[in-house]
Each structure stands twice: as structure tokens, then as C-alpha cells.
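Chemist: The amino acid sequence is not available; the structure is as follows:
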């Protein structure tokens, strides 16, 4: 979900880091423009790059994404897949998924993507097979349930990434409460102390939880 970078960083720091990013290609630029025009939540450009880096670094062959939106994060994940890999992406909005597939086709990665349409809590139990990377970026109050449903699908040594876990910096304000903030606080505590995960929260973008699944032995 797109949040101003200076919600966490000071504005001059955010501007400096933004300036270091190389220009995006035509497909990514179109997605960014469409998101701005239609108020579609997408990850920050540096998060997109980080997702692609992570997929490449772990040699991901199967990736599970909860929250397709219009395909910005999925574009980076699909580009990071190993040869013959697959991105399985879930979303409840058919129009946004159609837009995402158009962009995947333009980028030449559509053959790597399987889209599942419907609420994630209904779709996740139907997913089978093993995954190398799981990315969560959908309904924040459901993050803990997503993790519980998806974690059995993740191979040992695989990675879980969840976006927006700092909620524009409000997560650290003890007197700030609403359903989403309280759910994210609960998720962060749960994931950071989960016996199957070695987790850390990275303070860039709007905050990423990054976790590796431990060897059960």
C-alpha cells in the first residue's frame, strides 16, 4: 500500500533516497501513474525493487502474493522468479486483476502468473504446493490469519514479507488506536515471536516485516 515515505523518514531523507532510484521502465511507470490517478494502493518503488531482489536472491520458483491490486508488486515479484517459476496472486477485485494481467502481458511475464479471484481467507485454503516467498499486502486486519494459512505452504528457509507494518509511523504511538492499528500491532508481535519464524521489521517504505521460516528441528 502506498504511503508517503516521509511518514517515517524525514522529508529530506526520503527525497535523497528517492533520487537514488533509477527511472522505472514503461510498464512500472504506467502502473505508478495509474495508481496515483485512481488512488490505488501500491508498494513504494523501493519496496518493489526489494521484492524483486529478494526473489532473485533466494532463487524463488514459486511465490504467493496476497493482494494483487493492479500488479505493481506482482510485476517485480514475477521478474524476480527463476526460470519456469510461478507467481500465484490473490485479490477480491476483478477489475484490478484485469488491469494487472494487462500489465503483466505488456511486461512479458503473464505466463508466470496465476491469478486467484476472491477473498484471501477463502482462497488461501485452496492453494496447494510449496512456496519460496510469501508477500502479504491486503486487508491489514486479516494479516495474522493470512500468515497462519500461508505459513504451512512455505518451505523451510523460505521468506515471508508483509507491507505497511509501521502504519505511517503511528504504530509506535501508544495513544493511537483503531481497528487496523491494533491488528497490525498484534500481527507484529505475533510474527516477531513466532516459533517458526526468524523475523525483523525493516523501517523503509511504510515498514516491512521480513521473516525466514526456521528448520522445525
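Modeler: Noted; the coordinates are in hand. Remember, predicted model here, so these are calculated numbers, not experimental data.

Chemist: C-alpha from now on. contacts and neighbour counts both.
Modeler: Will do.

Chemist: Now do the same contact list for the residue lying closest to residue 153 once chain neighbours are set aside.
Modeler: With CA to CA, 6 or more residues apart in numbering as the criterion, residue 153 has its nearest non-adjacent residue at 5.1 Å, and that residue is residue 130. Residue 130 makes contacts with 62, 153, 154, 155, as judged by CA atoms under 8 Å, 6 or more residues apart in numbering.

Chemist: list the buried ones in stretch 50-57?
Modeler: 50, 51, 52, 53, 54, 55, 56 (16 or more other CA atoms under 10 Å).

Chemist: try stretch 101-116
Modeler: Buried positions in stretch 101-116, judged by neighbour count with 16+ other CA under 10 Å: 101, 102, 103, 104, 107, 109, 110, 112, 113, 115, 116.

Chemist: The residues you listed in helices, which ones?
Modeler: 101, 102, 103, 104, 107 (DSSP state H).

Chemist: which one of these is nearest residue 33?
Modeler: residue 103 (12.7 Å; CA to CA).

Chemist: Once you drop chain neighbours, what's closest to the closest one?
Modeler: residue 27 (6.4 Å).

Chemist: element containing the residue nearest to residue 132 when sequence neighbours are not counted?
Modeler: Among residues not flanking residue 132 along the chain, residue 158 sits closest, at 4.7 Å (CA to CA, 6+ apart). According to DSSP states H and E, residue 158 maps onto strand 154-163.

Chemist: Could you point out the helix or strand that follows that strand?
Modeler: helix 179-192.

Chemist: Give me the distance from the lowest-mean-pLDDT helix or strand in the chain to the chain's centre.
Modeler: Within the chain, confidence by mean pLDDT, DSSP states H and E is lowest for helix 11-20 among all helices and strands, at a mean of 78. A distance of 22 Å separates the centroid of the chain from that of helix 11-20, by CA atoms, centre = their mean, to the nearest Å.

Chemist: and what of stretch 194-207?
Modeler: 12 Å.

Chemist: and what of stretch 111-119?
Modeler: With CA atoms, centre = their mean as the basis, the mean position of stretch 111-119 lies at 15 Å from the chain mean.

Chemist: just stretch 203-215 next, same as before
Modeler: Centroid displacement of stretch 203-215 relative to its chain, using CA atoms, centre = their mean, is 10 Å.

Chemist: try stretch 41-55
Modeler: 8 Å.
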